[in-house]
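**Student:** Pasted the sequence and its predicted model underneath.
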Amino acid sequence: MANWCTNTIKIYSEHKDKLAELEKSLNEWTSKNYMDNGFGEKWLGNIVLGSGLGTIDEDEEDIDTDLECRGALVDIDLTNECLWISTATAWKPMLQMWVRLLEKYLPDGKIIYYAEEPGWNVYCSNDPDMKDVYLLGFSNVNEINEIIGYDINDFMNGYEIKEKDLRKCLQLLLKTDENDIETLIEQIASKYDENHLCILKYEFIEPEELD
């Protein structure tokens, strides 16, 4: 069984009319099944087929494309700023279909995405605000707060924490002046097991560079 990657995709363009046209097309392509699949009308393959990025192999009775699309469109919304899309995909983000879709229908479009799949520790984005961001998990926040002497939640957005704040927390936890973040993470990992304290870095990567 697949581990599902949850993806938020924001498409920006100065041409608001083109964004509206793309939203309309996406809704049309996901209003019917172009072939049998396990996801129904919201299958991402319906977008690939409807948009002409793929065809149906009549002999194999399968989708003929080099684009991965095992997943579903969860939600779509056109805001004043962007076309906001939510998808669920198997194991990884599968963003190449969106890259190719923009190349064909909205060449000036820009994708900003966020992808999370905890089972394989996939946490990635190309949002500049996500550079040097870590995910910090802990079993007893009160214990951590007592050790470092302040409320760690003051520095966090959910489980997200900036590198400079993480460095400060680890220095206090370890009672050290060490400044290198990788060294600090290695040292804390030897002191606390992953069930007590877990640190993962958000990978900054453009959608074109993803498999």
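**Tutor:** The structure has been received and is ready for your questions. Everything quoted here is computed from the prediction, not taken from an experiment. Numbers count the residues shown, from 1 in each chain.
**Student:** And the residue most central in space within the chain, how close does it get to Trp29?
**Tutor:** Taking CA atoms, centre = their mean as the criterion, Ala115 is the residue nearest the geometric centre of the chain, at 1.0 Å. As for Ala115, its distance to Trp29 is 22 Å (criterion: CB to CB, to the nearest Å). C-beta coordinates here come from the backbone N, C-alpha and C atoms, glycine included.
**Student:** Check Gln187 too.
**Tutor:** To Trp29, Gln187 is 51 Å away according to CB to CB.
**Student:** again with Ser86
**Tutor:** Note on Ser86: its distance to Trp29, by CB to CB, is 16 Å.
**Student:** cool, Ser125 as well?
**Tutor:** Ser125 sits at a distance of 26 Å from Trp29 (criterion: CB to CB).
**Student:** mind showing which ranges of the protein have poor pLDDT?
**Tutor:** For the chain, the stretches with pLDDT under 70 are 1-2, 60.
**Student:** Regarding the most far-flung residue of it relative to its centre, what is its secondary structure?
**Tutor:** Of all residues in the chain, Asp59 has its C-alpha farthest from the mean position, at 35.2 Å, by CA atoms, centre = their mean. Assigned with DSSP: H, G, I helix; E, B strand; the rest coil, Asp59 falls in the coil class.
**Student:** Identify the residues contacting it.
**Tutor:** Residues counted as contacts of Asp59 (CB atoms under 8 Å, 6 or more residues apart in numbering): none.
**Student:** which SS class is Ile144?
**Tutor:** Following three-state DSSP, we place Ile144 in the helix state.
**Student:** Pretty sure it sits against Ile152.
**Tutor:** Yes. If you go by CB atoms under 8 Å, Ile144 and Ile152 touch, sitting 5.6 Å apart.
**Student:** Residues in contact with both of those two, list them for me.
**Tutor:** Taking CB under 8 Å, 6+ apart as the criterion, Ile144 and Ile152 both touch 138, 169.
**Student:** one step back: neighbour count for Gln187 and Trp29, which is higher?
**Tutor:** Between Gln187 and Trp29, Trp29 has the larger neighbour count (other CB atoms under 10 Å), namely 21 against 15.
**Student:** Excluding chain neighbours, what is closest to that one?
**Tutor:** Leaving aside its chain neighbours, Trp29 sits nearest to Gly50 (3.1 Å; criterion: CB to CB, 6 or more residues apart in numbering).
**Student:** That neighbour and Asp17: what is the separation?
**Tutor:** Applying CB to CB, the value for Gly50 to Asp17 is 20 Å.
**Student:** out of the two, which sits in the more crowded spot?
**Tutor:** Legend: neighbour count by other CB under 10 Å for Gly50 and Asp17, higher for Gly50 (17 against 8).
**Student:** which residues touch that one?
**Tutor:** Shown in contact with Gly50 (CB under 8 Å, 6+ apart): 25, 28-30, 34.
**Student:** Can you give me the buried ones in stretch 139-151?
**Tutor:** Residues of stretch 139-151 classed as buried: 144, 148 (neighbour count, 16 or more other CB atoms under 10 Å).
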